[in-house]
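*Asks:* Got a sequence here, can you model it:
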Amino acid sequence: MTRSQLNIDHIARIEGHGNVHVVIQDDTVKTVEMNIVEPARLFESMVRGQSYKDCSYIASRICGICSPSHCVTDLKAVEDAFDIEVSPRTKLIRELLVYGSYLQNHASHLFVFVVPDFIGEPSVFPLAQSDPELFAQALELKRLGNDLCTQVGGRSIHPITAVVGGFTHEISPDEYLALADRMEAMIPFAKRTVDLFSSFRITEIHTASELLAMVEEDYYPVQSSDKLELLDEGIIFDAHDFEDYLEEYEVSHSGALFTRAKKTGKPVFTSALSRLNASWDHLSQEAKIASAKAGLRPEEKNPMKNNLAQAIEILDALIRCSNICRDLARGEGDSKPCTITPKAGVGVGMTEAPRGVVFHKLEFDDAGRVLHASIITPTSQNLASLEADTRHLVEVLVDSGLGEDYIRSEIAKLVRAYDPCLSCSVH
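*Replies:* Next comes the predicted model:
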């Protein structure tokens with residue numbers, strides 16, 4: 001009897017801390033565990049007793065990258081509880097804010113965390129020597145995401161201008177147009193990024209998880225819809241009913257809860273790849289062409305291609321946001337906060353954060369103070385899927401007779417393909 005134990009402790013180049021433990025006995029995979037070792041964050045407790053005015057500022061601290069998504073999600077939950085309908089202009093500015101975090105996250109993840117896997121380097125810094133132009137443009141893309149969040153949200157992380165019902169401040173038409181020009185100037189680099197990630201060799205595996213994404217008729221939504229779809233089952237449901245379709249549960253080897261689909265018991269996978277599968281027809285024309293050229297079309301279920309999906313989203317976001325900026329520069333509509341009348345009730349907010357769907361559920365008393373909060377992040381939804389896909393990956397590699405060092409490297413690539421934020425997963 002032969003027995004191997006593959007331990008990858010403190011997986012490098014991801015957000016947060018986690019381990020992967022694999023046991024292989026007589027060429028059979030016996031155990032695969034995603035061991036999340038982050039301590040409890042307690043954000044749900046932090047907002048309890050706080051005024052609705054302060055919730056989004058606290059919630060945005062959950063993540064230093066996805067903070068705009070948590071901010072907007074929280075605002076949507078408050079507005080849902082108080083029956084507030086925001087203006088079309090407010091929704092457009094929120095879209096810019098969320099997409100700013102996409103540009104920040106996707107650029108950092110793809111070029112700092114993922115590229116070293118495929119160029120045979122321990123970090124991104126050798127890229128500055130081997131391809132200085134690519135390195136410089138990657139930094140400029142990240143800077144553009146930071147600047148978009150700063151100008152729209154008041155700062156690059158933890159927005160301050162986005163409030164319940166609108167925005168306290170807006171930039172000038174000329175500033176909107178300057179942002180649009182910068183985005184359009186980055187489009188050739190975004191296309192090059194798609195080509196780069198489509199050229200990388202990846203292991204062929206297929207997730208058995210339920211793909212989950214926000215959906216909207218005739219649109220590629222990131223914050224504008226309250227509808228979701230479990231793609232495998234073809235089930236479309238309202239965000240208010242998410243607890244009827246998704247179930248969190250405990251596992252002994254993780255400090256974070258795992259998530260499964262209630263009806264099927266299958267793991268859930270929410271991500272850029274899920275969004276592309278759900279809304280591929282609604283990508284901008286240039287992004288759709290780039291996606292088709294790269295060989296990524298629905299139904300694509302190789303989780304290793306999530307990196308490629310993120311690259312396609314960068315291209316789509318630049319095109320979409322440049323158009324939004326030009327629309328906003330015309331000055332039509334109003335984004336000023338409306339008058340708020342607090343009342344007792346429950347509200348649910350949902351957005352597509354860079355890593356996938358995030359939910360905030362808030363219960364208020366009649367003074368507008370939080371009685372109870374539930375926050376479910378994309379990574380906490382994805383952990384069961386990542387664990388199941390890791391098992392599938394190891395089985396494929398063992399059956400191919402590949403050695404332990406190679407298996408370890410491919411496991412790390414899969415974990416990074418999921419782009420997990422393990423810190424945020426423990427709530």
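*Asks:* all helices of the stretch 101-250 of the chain, in order?
*Replies:* 115-119, 126-130, 132-153, 173-199, 242-245 (DSSP state H, counting those that start in this stretch).
*Asks:* mind giving me a markdown table with those helices and columns for distance to A367 and mean neighbour count?
*Replies:* C-betas here are computed from N, CA, C, even on glycine. Shown next, in a markdown table, are the helices of the stretch 101-250 of the chain (distance: least, CB to CB, whole Å; neighbours: other CB atoms under 10 Å):
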| stretch | distance to A367 | mean neighbour count |
| --- | --- | --- |
| helix 115-119 | 50 | 18 |
| helix 126-130 | 54 | 13 |
| helix 132-153 | 27 | 19 |
| helix 173-199 | 38 | 18 |
| helix 242-245 | 26 | 15 |
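*Asks:* mind checking which of the ones you listed is nearest C71?
*Replies:* The closest of the helices of the stretch 101-250 of the chain to C71 is helix 132-153. By CB to CB, the value is 7.5 Å.
*Asks:* Can you give the distance of that closest one from its chain's centre?
*Replies:* 18 Å (CA atoms, centre = their mean, to the nearest Å).
*Asks:* I'd like to know which elements that helix is packed against.
*Replies:* If you count contacts as 3 or more CB pairs under 8 Å, 6 or more residues apart in numbering; DSSP states H and E, helix 132-153 packs onto helix 67-81, helix 88-108, helix 126-130, helix 173-199.
*Asks:* For it, the averaged confidence score.
*Replies:* With pLDDT averaged residue by residue, helix 132-153 scores 95.
*Asks:* try stretch 202-209
*Replies:* Stretch 202-209 shows a mean pLDDT of 97.
*Asks:* what do you get for stretch 304-323?
*Replies:* Average pLDDT, stretch 304-323: 98.
*Asks:* Quick one: low-confidence residue ranges for the protein.
*Replies:* By pLDDT under 70, the weakly predicted segments of the chain are 1.
*Asks:* can you give me the strands in it?
*Replies:* Along the chain, counting by DSSP state E, strands occupy 3-8, 18-25, 28-36, 162-163, 166-167, 210-215, 227-230, 235-238, 246-249, 258-261, 268-270, 345-353, 356-364, 370-376.
*Asks:* how about the residue nearest to Q5 when sequence neighbours are not counted, what does it touch?
*Replies:* Setting aside the residues directly before and after it, Q5 is nearest to V23 in space (CB to CB, 6 or more residues apart in numbering), at 5.3 Å. Contact partners of V23, counting by CB atoms under 8 Å, 6 or more residues apart in numbering, are 3-6, 29-31.
*Asks:* TSV for those, including distance to S374 and neighbour count?
*Replies:* Shown next, in TSV, are the contacts of V23 (distance: CB to CB, whole Å; neighbours: other CB atoms under 10 Å):
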residue	distance to S374	neighbour count
R3	41	9
S4	40	14
Q5	37	12
L6	35	17
V29	34	20
K30	35	13
T31	31	12
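*Asks:* Between these, which sits nearest T193?
*Replies:* Nearest to T193 among the contacts of V23, with distances taken as CB to CB, is L6, at 31.9 Å.
*Asks:* my read: the closest one touches E404, true?
*Replies:* Yes. Assessed by CB atoms under 8 Å, L6 is found in contact with E404 at 5.9 Å.
*Asks:* Out of the helices of the stretch 101-250 of the chain, flag the one nearest G356.
*Replies:* Closest among these, once you apply CB to CB, is helix 242-245, at 13.0 Å.
*Asks:* mind listing what I202 touches?
*Replies:* Residues in contact with I202 (CB under 8 Å, 6+ apart) are 302, 304-305, 413.
*Asks:* Could you rerun that using 6 Å?
*Replies:* M304 (CB atoms under 6 Å, 6 or more residues apart in numbering).
*Asks:* what's the distance between it and A417?
*Replies:* Computed as CB to CB, to the nearest Å, the I202 to A417 distance reads 8 Å.
*Asks:* Residues in contact with both of those two, list them for me.
*Replies:* By CB under 6 Å, 6+ apart, I202 and A417 have these common neighbours: M304.
*Asks:* mind listing what the residue nearest the centre of the chain touches?
*Replies:* The residue lying closest to the centre of the chain (CA atoms, centre = their mean) is R355, at 1.6 Å. R355 is in contact with 378, 419, counting by CB under 6 Å, 6+ apart.
*Asks:* Please repeat the previous calculation with a cut-off of 10 Å.
*Replies:* 15, 63, 65-66, 69, 105-106, 109, 270-272, 306, 310, 377-379, 381-382, 418-421, 424-425 (CB atoms under 10 Å, 6 or more residues apart in numbering).
*Asks:* that older thread, between L6 and E404, what contacts are shared?
*Replies:* 22, 24.
*Asks:* ranking the strands of the chain by burial, who's on top?
*Replies:* strand 268-270 (a mean of 29; mean count of other CB atoms under 10 Å).
*Asks:* burial count for G295?
*Replies:* Around G295 there are 10 other residues, counting by other CB atoms under 10 Å.
*Asks:* any idea how far stretch 171-184 is from the chain center?
*Replies:* The answer for stretch 171-184 is 25 Å, by CA atoms, centre = their mean.
*Asks:* Could you do stretch 245-261 as well?
*Replies:* 18 Å.
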